[in-house]
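Colleague: Below: sequence and its predicted model.
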Amino acid sequence: MATLQSFPCSSSASLKEIRCTLNSRKIQPSDFFFPKLPVDRQNGLSTLTTTFTDVNLMSKIETKTTNGRDQEVSNSEAKQELYAILEIVADRVEMHKNIGAQRDNWNHLLLSSINGITATAAIMAALAAVKGVGETLLVLKLSSTVLYMAATGILVVMNKIQPSQLAEEQRNASRLFKQLYEEIRTTLSLRKPISDDVNDAMQKVLALDKAYPLPLLGVMLDKFPAKVEPAVWWPQGQFKPKHEMFGRGKGKINGWNDNLEAEMKEIEGLVRRKDTAEYVRLSKVALKVNKVLAISGPLLTGLAAIGSVFLGSSVFGSWPVVFGVMSGALAAVVNTLEHGWQVGMVFEMYRSSAGFYKHMEETIESTLEDAATDVRENGELFEVKTALQLGRSLSELRDLASALSLSSELEQAQEEFASKLF
């Protein structure tokens with residue numbers, strides 16, 4: 001603002017007038033503040049454009065706040081969905097546990113019933129051959145035949161569904177659902193879940209439902225498959241690499257370095273060559289034994305039923321007695337071997353063990369194929385988990401990998417198994 005300065009008045013006697021002089025400082029343009037407006041001249045026209053910085057800043061803050069709220073809402077929804085899946089997984093655990101116990105009871109009760117029926121029929125056939133005369137012979141023959149036929153029918157059904165194998169399937173499913181339950185709980189406790197966590201958990205639940213179905217009709221697993229393969233209970237394509245390959249330095253990033261990668265490659269190769277292959281081989285052996293026993297049981301009880309029909313006939317001599325009594329006794333022995341020793345359960349146990357090592361193979365392979373070390377699971381943690389899954393300490397795992405790297409292909413037949421658990 002311009003400032004006015006006043007000076008004292010001077011008097012003139014002659015003119016008798018008083019003149020007051022007012023002096024003012026010259027006003028400069030800089031004394032006023034005007035915003036500088038950028039001029040944009042196009043096609044001979046001048047346009048003024050004003051940038052409102054404060055407005056843009058407030059807009060950015062509001063957008064960021066809105067995005068933050070949206071992210072919080074998304075995380076909250078994912079957390080709720082993950083808790084819902086957690087409840088379903090807990091229910092699956094109890095469901096498979098209860099049904100597994102029920103099917104294990106089936107195995108014991110059916111085996112006891114069939115052996116009791118077979119033994120009773122064999123005793124009746126022996127009595128009919130020794131003291132059977134007239135109506136007594138007819139009654140004993142018919143009773144023995146009916147009992148053998150009943151045992152044959154029950155055995156066919158029992159050998160088809162393999163109750164001991166069904167019980168083992170449910171035990172495996174219960175264990176794997178418990179593992180998934182703890183995995184989801186760990187995710188909820190360590191960080192805020194996202195939609196990918198929800199999708200991953202749902203896929204794992206559905207994959208487990210498919211791998212270990214509960215119904216017996218329609219979707220029951222084939223108990224005598226033409227080709228033996230490791231059990232698969234994880235989603236297909238779960239272990240595909242998420243990132244493209246690119247150059248990687250030799251330094252330690254996220255717990256990974258070249259030595260650890262080489263160690264994991266050696267372990268993965270050993271697990272594939274020895275552990276997985278061995279349990280697939282054992283599965284095939286158990287399956288062959290179970291097939292022989294499953295066919296032999298009903299065949300022997302059927303022959304015993306035919307022998308019982310011709311007891312007392314002079315045409316066949318003593319052969320009806322041999323078939324009626326001896327076949328029944330052998331059938332009881334075969335049934336005890338098959339279902340008492342639970343050969344079907346042994347087959348499923350070997351198949352699941354092969355699946356365990358197959359899962360480990362794919363986990364290591366996919367982790368190494370993903371070149372982005374900063375997004376991998378921490379290397380040191382991954383090494384500890386691998387060692388414990390194989391029943392080894394860290395020093396034992398590293399010594400094993402070192403020995404493998406020094407051995408030649410000719411010595412692979414002499415190498416030890418990767419796991420010490422089984």
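Modeller: Received the coordinates, thanks. Numbers count the residues shown, from 1 in each chain.

Colleague: For whatever helix or strand residue 291 lives in, enumerate the helices and strands it packs against.
Modeller: Taking DSSP states H and E as the definition, one finds residue 291 inside helix 277-309. Helices and strands touching helix 277-309, by 3 or more Cβ pairs under 8 Å, 6 or more residues apart in numbering; DSSP states H and E, are helix 53-131, helix 135-161, helix 319-321, helix 327-335, helix 343-369. For every residue, glycine as well, the C-beta is placed using N, CA and C.

Colleague: Mind checking the pLDDT average for it?
Modeller: Helix 277-309 comes out with an average pLDDT of 95.

Colleague: Residue 181 against residue 86, yeah?
Modeller: Yes. If you go by Cβ atoms under 8 Å, residue 181 and residue 86 touch, sitting 6.6 Å apart.

Colleague: Between helix 135-161 and the helix holding residue 291, find me the angle.
Modeller: 160 degrees (axes from the mean of the first three to the mean of the last three Cα atoms, to 10 degrees).

Colleague: in helix 277-309, what counts as buried?
Modeller: By neighbour count on 16 or more other Cβ atoms under 10 Å, the buried set for helix 277-309 is 278-280, 282-283, 286-287, 289-290, 293-294, 296-305, 307-308.

Colleague: go on, stretch 95-106?
Modeller: Buried residues in stretch 95-106 (16+ other Cβ under 10 Å): 96-97, 99-100, 103-104, 106.

Colleague: Equivalent analysis for stretch 149-156, please.
Modeller: Buried residues in stretch 149-156, counting neighbours by 16+ other Cβ under 10 Å, are found at 149-152, 154-155.

Colleague: ok, now stretch 205-218?
Modeller: Buried residues in stretch 205-218 (16+ other Cβ under 10 Å): 205, 207-208, 211-212.

Colleague: Name the residues that touch it?
Modeller: 85, 88-89, 92, 95-96, 99, 161, 166, 169-170, 172-173, 176-177, 180, 219-221, 231-236 (Cβ atoms under 8 Å, 6 or more residues apart in numbering).

Colleague: Going through those, which ones are buried?
Modeller: Among the contacts of stretch 205-218, the ones that count as buried by 16+ other Cβ under 10 Å are 85, 89, 92, 96, 99, 161, 166, 169-170, 172-173, 176-177, 180, 231, 233-235.

Colleague: follow-up on the earlier one: which one among the buried residues of stretch 149-156 gets closest to residue 366?
Modeller: Within those, proximity to residue 366 (Cβ to Cβ) peaks at residue 155, which comes in at 45.1 Å.

Colleague: Give me the distance between the closest one and residue 217.
Modeller: 19 Å (Cβ to Cβ, to the nearest Å).

Colleague: got it, and residue 100?
Modeller: From residue 100 to residue 217 the distance is 18 Å (Cβ to Cβ).

Colleague: Also residue 77?
Modeller: 38 Å.

Colleague: and what of residue 278?
Modeller: Separation of residue 278 from residue 217 (Cβ to Cβ): 34 Å.

Colleague: Might you report the residue contacts of the closest residue to residue 330 other than its chain neighbours?
Modeller: Nearest residue to residue 330, sequence neighbours excluded (Cβ to Cβ, 6 or more residues apart in numbering): residue 300, at 5.2 Å. Applying Cβ under 8 Å, 6+ apart to residue 300 gives the contacts 327-328, 330-331, 334.

Colleague: Could you dump these into JSON lines with neighbour count added?
Modeller: What follows is the contacts of residue 300, written out as JSON lines (neighbours: other Cβ atoms under 10 Å):
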{"residue": "327", "neighbour count": "24"}
{"residue": "328", "neighbour count": "30"}
{"residue": "330", "neighbour count": "19"}
{"residue": "331", "neighbour count": "29"}
{"residue": "334", "neighbour count": "22"}
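
Colleague: just those residues now: which is nearest residue 269?
Modeller: residue 334 (41.7 Å).

Colleague: from memory the closest one sits against residue 296, does it?
Modeller: Yes. Assessed by Cβ under 8 Å, residue 334 is found in contact with residue 296 at 4.9 Å.

Colleague: So the residue nearest to residue 367 when sequence neighbours are not counted versus residue 209, what's the distance?
Modeller: Nearest in space to residue 367, with sequence neighbours left out and distances taken as Cβ to Cβ, 6+ apart, is residue 376 at 5.8 Å. Plainly put, residue 376 is 29 Å away from residue 209 if you go by Cβ to Cβ.

Colleague: what's next to stretch 197-204, contact-wise?
Modeller: Against stretch 197-204 from outside (Cβ under 8 Å, 6+ apart): 78, 81-82, 85, 89, 180, 184, 187, 234-235, 238.
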